[in-house]
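A.B. asks: Sequence below, structure please.
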Amino acid sequence: MSLNFKIVESFVNEHKEVMQDMTLLRHDRYNILVKLKDHLVSSLKKYETFQSEIESIIKIIENNAVSYDELKEYHKKAETSVENFFLEEDSVVDVHDLFRIIRDAITKKVLFLVEEELKKDGFGPPPVDYIWVGLGSEGRDEQTIMTDQDNLIVFDDTNNAKVSDSLRKLTIKSNIKDNAEDAVSYYFQEFTHRAVERLHHVGFEKCKGNVMPTNPKWFGSISSWKKKIKNAVADDYKDFELLDIIILTDARLLKGNRRLFDDLMGYFFDFLSHNKHIMREFTKTAVIMPTALTFFGNFKTEKEGEFKGKFNIKLTGWAPLILSVRMLALSSKIYETNTLKRIKILKDTGVIRKDMYNDLIYAYLTFVKVRLINQINVRRTRNGEPISNPNYIDPDMLNYEEKERVRRAMKTVEALQKYIQELLLFGQSL
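C.D. replies: Predicted coordinates:
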């Protein structure tokens, strides 16, 4: 496929000597250019075939798929296509972009089918507007080959609820009060329960941290959400913890009413800007999160257990980078969710220098590339068996160049953490 411009670079290197021959006649130069053209045409055809395949899958998902089994198969097919694309193209950003397009389409179709299910079962259509929101890597547009569910749901609670007679009857039958508010909540409890199960069926694993709308923490009306956010500090994080607040900063609308989403996030970010205590806790969390490097630059690995001799590149590399960039962005009132875009805005607004920008981009791409390759290898060796954690890396399986890249990336994270500590915590010890 080779659309990453390396094809031109490799061609020039291969023909460098002859291209520098000042005695070449016009037909010799022409023949060299024809060779380059043939290479480019071949790559373009492969790309067009791939693009056509992806667009066809999306069109089927949106217009023709009518069952969860079909969606599951197309999800698998799309994953394989993206995996092969990555192995040939070596483009992390394309992997993120492709999975956003594919999985957004699948999510929307699953939610549509669940709505249809509920209509058939007597619940009627959604009685009020709602939003289904992506969090975590889904919210940041940073999905990889393996994915799980990180979602929340918010529904409107104004007085214009359209509760059908059939929904009211089901509500009463379930020993729930016969009023619009309880009927609406009952509908969306059933909706989220089915949605989570159906998403799991089509290939979105359930979140091990239970960041799903079946968890009351990630479910509620717009009013209850605002109350939840407001009480986070007063209740000393009893119901909505510091980690939950951090998770919410990466929210992205997947389906539903944009007005409702903007209302929620506008309230949330206004809340953050007026609570310096929370921002300070965010900063401390970002600064103290360790990488896998020892003082002497070796890798700290697990001493025992299933992953003995390995280190978790997600928790000790990628995650502290994501958290640190997020914190620096939020402190600068930058509410973009994508990490690479956050880094670019930080550079454009003068928060970080260009050399740090380059190092951070390099570090991010390095961590994700290693994770993707490891996910592919683990999936293929497990041959369909359950995978407990695809983020553990055996440093002995990395060649010298790969080890140096990971070391450089982790040193960049540590440099960023030191910069944040000096900038936002005035260099004080933690």
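A.B. asks: nearest spatial neighbour of the most centrally placed residue in the chain, skipping sequence neighbours?
C.D. replies: By C-alpha atoms, centre = their mean, the chain has its centre lying nearest to Ser137, at 1.8 Å. Using C-beta to C-beta, 6 or more residues apart in numbering and skipping residues adjacent in sequence, the residue nearest Ser137 is Gln143, 5.0 Å away. C-betas here are computed from N, CA, C, even on glycine.
A.B. asks: Assign a three-state SS to that neighbour, would you?
C.D. replies: coil (DSSP: H, G, I helix; E, B strand; the rest coil).
A.B. asks: so where's the chain shaky on pLDDT?
C.D. replies: Across the chain, the ranges flagged by pLDDT under 70 are 1-4, 236-237, 382-388, 427-430.
A.B. asks: How is the protein divided into domains?
C.D. replies: Domain assignment for the chain by automatic domain parsing gives 1-52, 65-272, 281-424.
A.B. asks: Tell me which of those domains lies nearest to Ile58.
C.D. replies: Closest to Ile58 of these, according to C-beta to C-beta: domain 65-272, at 5.3 Å.
A.B. asks: start to end distance for the closest one?
C.D. replies: 42 Å (C-alpha to C-alpha, to the nearest Å).
A.B. asks: quick one: that domain to chain centroid distance?
C.D. replies: On the basis of C-alpha atoms, centre = their mean, to the nearest Å, domain 65-272 sits 14 Å off its chain's mean C-alpha point.
A.B. asks: What of stretch 293-304?
C.D. replies: 28 Å.
A.B. asks: Between the two ends of it, what distance do you get?
C.D. replies: The straight-line separation of the ends of stretch 293-304 (C-alpha to C-alpha) is 18 Å.
A.B. asks: Pull out the buried residues from that stretch.
C.D. replies: 293, 299, 301 (16 or more other C-beta atoms under 10 Å).
A.B. asks: related to what we said a few turns ago, export the domains of the chain to TSV and append columns for distance to Lys59.
C.D. replies: Converted to TSV, those look like this (distance: least, C-beta to C-beta, whole Å):
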stretch	distance to Lys59
domain 1-52	10
domain 65-272	9
domain 281-424	26
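A.B. asks: picking up where we left off before, can you report how many residues neighbour the residue nearest to Ser137?
C.D. replies: Residues lying near Gln143 (other C-beta atoms under 10 Å) number 23.
A.B. asks: Same question for the one 10 residues further on.
C.D. replies: With neighbours defined by other C-beta under 10 Å, the count for Ile153 comes to 24.
A.B. asks: For it, list each beta-bridge partner.
C.D. replies: Judged by DSSP bridges, the bridge partners of Ile153 are Trp132, Phe219.
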